[in-house]
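*Asks:* pasting the sequence and the predicted coordinates here, then a few questions.
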Amino acid sequence: PEKRTVDLTNVDKVFWPSEGYTKGDLIAYYEGIAEWLLPYLKDRPVVLTRYPDGIDGKSFFQKDAPVYATDWIRLETMWSEQAEREIRYFVLDNLESLVYVANMATIPLHVWSSRVAALEQPDWCILDLDPKGAPFAHVVEVARAIHKLCTAITLPHFIKTSGSTGLHVLIPLGARCTHEQSRSFAELLANCVVKEVPKIATVARHLHAREGKVYVDYLQNGHGRLLVAPYSVRPVPGATVSMPLNWSQVTARLDMHKYDLRTAPPLLARQKTDPFAGLFTEVADLPQSLARLAELQEAAEAAPARAPSAKTASTSRGTRRSRTHRSR
C-alpha cells in the first residue's frame, strides 16, 4: 500500500478567537477521537465545510474533491440529484484521510445516510429537533416524547446533540428501505409527536409559522441529504461537538455546551461503549412498529367513547338515587 502522509500547515492559526483554539487543536481533536468517529464516515460520501480563516472568516461548502487531492485518498464519483450532475466525493475510511481534510480547514463533517455500495438504501432515519427561538427545555421535552413513542412501538432509536442548538434522533434502518420510505416514516412519527405535545412542537417548515415551537424536521431524509457526523466539531463559539448520548442523559439538566473540542476526548476516554453503536447493529422492524402504532391510535380514539363524561356520570348517579328513593 502507498504510504499515507499529511504535511500539516498553519497549525498555529487561531480558528476560535474567543477560546484561542487553533487549527492544530482541531487536527489534534480529530486524531484523538478517530476511533469513535471513523465508523460513521466509513464508505460514506462526505461533504466538507471549510473555514480557512476560522469561524469568523469566510467559509465554503465543498462537495467536489479538488483536483489537487492526494492520490492515496479515496474518492468516489456519483450522481447528485440536488446538483443534477456527477460529483467526486471524499470517502474517509482511515485516520490519514481524516487528518487530511482537517488540515484543509474542514471543521464540521457532514455525511450521507447511505453507503457508496447502496446509495438508495439509507442506514438511518432522522428526526431533527430545531428550536430556532424555542427554549432548549422544550427541545428536551419533545425528544422525551419521541423516546416515549418509540419505546411504546418497540422502535430502536438513538439521540445525539447537534452540537449547535438542537438534538438529533436517529432510527436504524439497516439499508432495508428506500429514502422515500424513510422520509414517509419520519413524517408519520413527526406528526404523531406533534399531536402529543402540540403546544411546544410543530412540523411547520417556515419560521414565521412555527410560533416559537420546536420544529420536528423530517425532511432531512432523502437522497444526498446530510447529517453532521457524530463527534464532529461545529463552527460555533465554544467549539461544541455533536455528541451521542444515552437517553438517561436527556433531562432538564442536559447542557450541550459541556461537550466541546477540549472536554469531549477525556469524556470519551472514560466511556466503555459508544451510545450510538447500536445504529449499525440494530434494525427497526417497521411493519411491526407501524402495526403497534396503529393499535395505540385505535385505543386512543376508542378511549373517549368508552369513558363516560363527568356530566353523564353525575346524571347517571342522580337517576340511580332517584330510582332508589322511589323504590323505598
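*Replies:* Thanks, I have it. Numbers count the residues shown, from 1 in each chain.

*Asks:* nearest the geometric middle of this protein, what residue?
*Replies:* Among the residues of the chain, the smallest C-alpha distance to the mean C-alpha position (CA atoms, centre = their mean) belongs to His168, namely 2.8 Å.

*Asks:* who does that one bridge with?
*Replies:* For His168, the beta-bridge assignment (DSSP bridges) gives partners Asp128, Lys160.

*Asks:* for it, give its distance to Val140.
*Replies:* Using CB to CB, to the nearest Å, one obtains 13 Å as the distance from His168 to Val140. Where C-beta positions appear, they are placed from N, C-alpha and C, glycine not excepted.

*Asks:* what's in contact with the helix or strand hosting Ala102?
*Replies:* Take DSSP states H and E as the rule and Ala102 turns out to sit in helix 95-103. Surrounding helix 95-103, the residues in contact under the criterion CB atoms under 8 Å, 6 or more residues apart in numbering are 4-9, 23, 26-27, 30-31, 34, 37-38, 41, 46, 48, 70, 72-74, 90-92, 109.

*Asks:* how does it look with 6 Å?
*Replies:* Applying CB atoms under 6 Å, 6 or more residues apart in numbering, the contact partners of helix 95-103 are Arg4, Val6, Leu8, Leu26, Ile27, Tyr30, Ala34, Leu48, Ile73, Leu92.

*Asks:* so for the third one, what's the pLDDT?
*Replies:* The one in question is Leu8. Model confidence at Leu8, expressed as pLDDT, equals 97.

*Asks:* test my guess that Tyr218 contacts Phe185.
*Replies:* No. With contact defined as CB atoms under 6 Å, Tyr218 does not reach Phe185; the gap is 8.6 Å.

*Asks:* who touches the longest helix along the chain?
*Replies:* Of all the elements of type helix in the chain, the one with the most residues (DSSP state H) is helix 286-306. Judged by CB under 6 Å, 6+ apart, the contacts made with helix 286-306 from elsewhere in the structure are Ile153, Leu155.

*Asks:* report the buried residues of that helix.
*Replies:* In terms of neighbour count (16 or more other CB atoms under 10 Å), helix 286-306 has its buried residues at Leu286, Ser289, Leu293.

*Asks:* and that helix, what's its mean pLDDT?
*Replies:* On average, the pLDDT along helix 286-306 is 86.

*Asks:* quick check: end-to-end length of stretch 12-26?
*Replies:* Start and end residues of stretch 12-26 are separated by 11 Å (CA to CA, to the nearest Å).

*Asks:* what ranges do the strands span in the stretch 151-300 of the chain?
*Replies:* Along the stretch 151-300 of the chain, the segments classed as strands by DSSP state E, counting those that start in this stretch run 158-161, 167-172, 201-202, 214-217, 226-228, 244-245.

*Asks:* now render the ones you listed as a markdown table, adding distance to Cys125 and mean pLDDT.
*Replies:* Written out in a markdown table, the entries for the strands of the stretch 151-300 of the chain read as follows (distance: least, CB to CB, whole Å; pLDDT from 0 to 100):
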| stretch | distance to Cys125 | mean pLDDT |
| --- | --- | --- |
| strand 158-161 | 11 | 98 |
| strand 167-172 | 4 | 98 |
| strand 201-202 | 18 | 97 |
| strand 214-217 | 12 | 97 |
| strand 226-228 | 11 | 96 |
| strand 244-245 | 16 | 98 |
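
*Asks:* how about these, which one is nearest Phe15?
*Replies:* Relative to Phe15, the nearest member of the strands of the stretch 151-300 of the chain by CB to CB is strand 226-228, separated by 17.2 Å.

*Asks:* helices or strands up against that closest one?
*Replies:* strand 106-112 (3 or more CB pairs under 6 Å, 6 or more residues apart in numbering; DSSP states H and E).

*Asks:* show residues contacting the strand it packs on.
*Replies:* Contacts to strand 106-112, defined as CB under 6 Å, 6+ apart, come from residues 44-51, 226-229, 232-235.

*Asks:* let's see if you can find the most crowded of those residues.
*Replies:* Ranked by neighbour count under the definition other CB atoms under 10 Å, the contacts of strand 106-112 are headed by Val233 with 28 neighbours.

*Asks:* do I have it right that His161 meets Asp255?
*Replies:* Quick fix: residue 161 is Thr, not His. No. Look at Thr161 against Asp255 with CB under 6 Å: they stay out of range, at 9.5 Å.

*Asks:* and the two? Which one has more around it.
*Replies:* In terms of neighbours (other CB under 10 Å), Thr161 is the more surrounded of Thr161 and Asp255; the figures are 27 against 8.

*Asks:* pull up the gap between the more buried one and Gly133, please.
*Replies:* Following CB to CB, the distance that separates Thr161 from Gly133 is 18 Å.

*Asks:* I appreciate the help and will end here.
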